[in-house]
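Peer 1: quick one: sequence plus predicted model below, questions after.
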Amino acid sequence: MDYNAIFRVALKALARNKLRTVLTMLGIIIGVGAMICTVAIGEGASNQVQQQIASLGDDLVWIVAGSVNMHGVHMGAQATKTLTVEDAQAMMQIPFIKAVSPGVGTSGQAVYQGQNWASPVMGIGPSYFDIRKWPVAQGIPFSQQDVDTAANVCILGRTVIQNLFVEGQNPIGKTIRINNMPFRVLGVLQRKGLTPWGQDQDNIIMAPYTTVQKKLAGISWINNIMCSAISTKAIPAAEQQIEALLRQRHRLRPDEDDDFMIRSPIDIANAQAQSGRILTLLLASIASVSLLVGGIGIMNIMLVSVTERTREIGVRMAVGATEDDVQMQFLSEAVVLSLLGGAAGVVIGVFGSMVVSRMLHWPTLVPPEAIAIAVAFSAGVGVFFGYYPARKAARLDPIEALRYE
Amino acid sequence: MLREVLQSEPEIGVANGRAKVTPVIQVENLHRIYDLGEVQVHALRSVTMTVYSGEFVAIMGASGSGKTTLMNVLGCLDRATRGRYVLDGQDVSKLSKNELARIRNSKIGFVFQGFNLLPRTSALENVELPLIYSGVSHSERTKRAREALRSVGLEGRGEHHPAQLSGGQQQRVAIARALVTNPSLVVADEPTGNLDSRTSVEIMEILQRLNAERNITILLVTHEPDIARYAKRVVTFRDGKIRRDGMVEDRLDASRVLFDLPAIDEEEAEAG
């Protein structure tokens, strides 16, 4: 019996009772549709995280002055004064680190002609722009010499430019006042946009860390150190070496906690992506329960169908259908049923994920392999749940089947 | 239309001379015992008979006489408990279920009392059904099914579904289905049981013609003596044993009987 004929017989049998066929497929349709939808939402989210990693710099390691335990009282992050410029300089010795920039944060009131604007002020080293992959778009960055001399120079973010200068005015070379001190504007940063949590990254003034330490913040320590590892893979090794180095430099006993924190955005992002993936997997497996229920529905209807068509089976056996022929016929009916359901589910899943991204503005992404898996899975459901009814049909005795009323 | 058929084929009986004398059915000491747990029912007791190619045998008997059991065994739907059954030169008494299915497909055609056509399936597809299981190509299937339908006088009705056909026409589709594989043996189980008397004669006319013209061996199971008289030989069963086995002396020629019966449209004209 050729497969073409088998397929056509199965389609015809299913077409005979369209409403029943559609209702039976519904479980598979919903299951596959829900699976495609959850995977699309999950993949979309993790894709977005990947893009954020790329924008942060995939080799970034970030050391923040840590909390300290003073007589049992925990201070918050950046409460210690132990992180120093010398620490940053010592880190340059670590082979896995290729660039280091000390960081000092404060805030200032910037004034230019009649305009004024409050903005965070960051004191940084000249390599910061490379480390953050955040170039100076207009003008030039400051140099090591500017750092050494604690020069009154600054680089401005786009938001600061918009608020201090008139449209079309060239800010390069102009002198603005920050906390009543004159600073010459060397350059303008490339637009960075909002962080995922909505903070305006372009509202920033950058100056040499020495200048900010001495003239604006009045401190001798630093708040953070930004570094670039030589590659993404080198980050864990670099982190270990940084920890060892800083513990040694800060003379911490083995029983003392670190007085600094090492962060790498890629770790955080990876952890985020990982937990997202687990959530996706969880949701997809819940959706697959619907596939299971759909499969049981198929089995149920196939059993009814075998009973209803006992006489037909008897006739087919009388004219020469073997057990395998009969089994194949009912099995292919179940598989066609579940495959059609799977195909409809894919269409609905893809459409549903489009609706989700349109209505809720969530990023969605339907991976082609998810479609392949869904189709294969629904075929598997058909075989698994169609087997028993088909076996039952094939085992019928032709004489009994022909006599069945 | 049937009148034309009968006028163009006036000498049905003459074809009998062409019958070759090779045995189609050889049965020796056949027993069929149903084991119902506590009781054993002896449905066939030591049946021995031979049917030659081209024979038209009516098997008669009351219900419970064993004639249906014999038909199931001879039709390879069932296996004898003991004894030998050689069909068309092949010993089929020890074959497996699947092998029996292949034998049914290639050597046996069935005609049932209840027609047993697939519902909501065209006459043509119904006739094609056995060929699907013998692996015949689609175009060849259609060709042979159309031929078979023509031989029972149903050309042009191939696209009709069973529900659109009369009982007699449905039975003719079933006969075409039995013939389409060119079987060695046609087993007809009460083929006229659900039909009125005129249609019954029409069916017997087709069977007689196929037997005479194409030398097809026919086994007709019936409990009606009138119907058995269209066969050439009658085997009567009682209690699982052959009681009588002889040639039909006053054999009926269905085409003559039909000729003498008033046509249906005339009956309707009289009634109206």
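Peer 2: Looks like it came in fine. Residues are numbered from 1 along each chain as shown, chains lettered A, B, ... in the order given.

Peer 1: excluding covalently adjacent residues, which one is nearest to the closest residue to chain A within the stretch 1-150 of chain B?
Peer 2: The minimum distance from the stretch 1-150 of chain B to chain A, using Cβ to the nearest Cβ, falls at B:N105 (2.3 Å). Using the backbone N, CA and C atoms, a C-beta is placed for each residue, glycine as well. Closest residue to B:N105 apart from its sequence neighbours, by Cβ to Cβ, 6 or more residues apart in numbering or on different chains: A:G320 at 2.3 Å.

Peer 1: apart from its neighbours in sequence, what residue is nearest A:V85?
Peer 2: Looking at A:V85 with Cβ to Cβ, 6+ apart, the closest residue is A:P102, at 5.2 Å.

Peer 1: could you do A:M25 as well?
Peer 2: Nearest to A:M25 is A:G341, by Cβ to Cβ, 6+ apart, at 3.5 Å.

Peer 1: number of nearby residues for that neighbour?
Peer 2: For A:G341, the count of nearby residues is 30 (other Cβ atoms under 10 Å in any protein chain shown).

Peer 1: from what I can see it touches A:L291, true?
Peer 2: No: A:G341 is beyond contact range of A:L291, at 9.3 Å (criterion: Cβ atoms under 8 Å).

Peer 1: mutual contacts of those two, please.
Peer 2: Listed as contacting both A:G341 and A:L291 by Cβ atoms under 8 Å, 6 or more residues apart in numbering or on different chains are A:27-28, A:32, A:378.

Peer 1: take the residues you listed and keep only those in helices.
Peer 2: A:27-28, A:32, A:378 (DSSP state H).

Peer 1: neighbour count added to these, as CSV?
Peer 2: Shown next, in CSV, are these (neighbours: other Cβ atoms under 10 Å in any protein chain shown):
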residue, neighbour count
A:G27, 22
A:I28, 30
A:V32, 34
A:S378, 30
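
Peer 1: any chance you could map the helices in the chain?
Peer 2: Unless you meant another one, I'm taking chain A. A:3-15, A:18-56, A:85-91, A:128-131, A:144-148, A:158-164, A:209-211, A:235-249, A:265-308, A:310-318, A:323-359, A:368-394, A:398-403.

Peer 1: wait, chain B was what I had in mind.
Peer 2: So, for chain B - with DSSP H - the helices run B:2-8, B:67-74, B:97-107, B:123-133, B:138-151, B:167-179, B:197-214, B:225-228, B:254-260, B:264-271.

Peer 1: is the second one in proximity to chain A?
Peer 2: Read it as helix B:67-74. Yes: shown here: helix B:67-74 in contact with chain A (Cβ under 8 Å from any Cβ of the partner chain) through B:N72.

Peer 1: so which elements touch the longest strand along chain A?
Peer 2: Scanning chain A for the longest strand, with DSSP state E as the assignment, gives strand A:97-112. For strand A:97-112, the elements it packs on are helix A:85-91, strand A:115-124, helix A:128-131, helix A:158-164, strand A:175-178, helix A:209-211, strand A:224-229, helix A:235-249, judged by 3 or more Cβ pairs under 8 Å, 6 or more residues apart in numbering or on different chains; DSSP states H and E.
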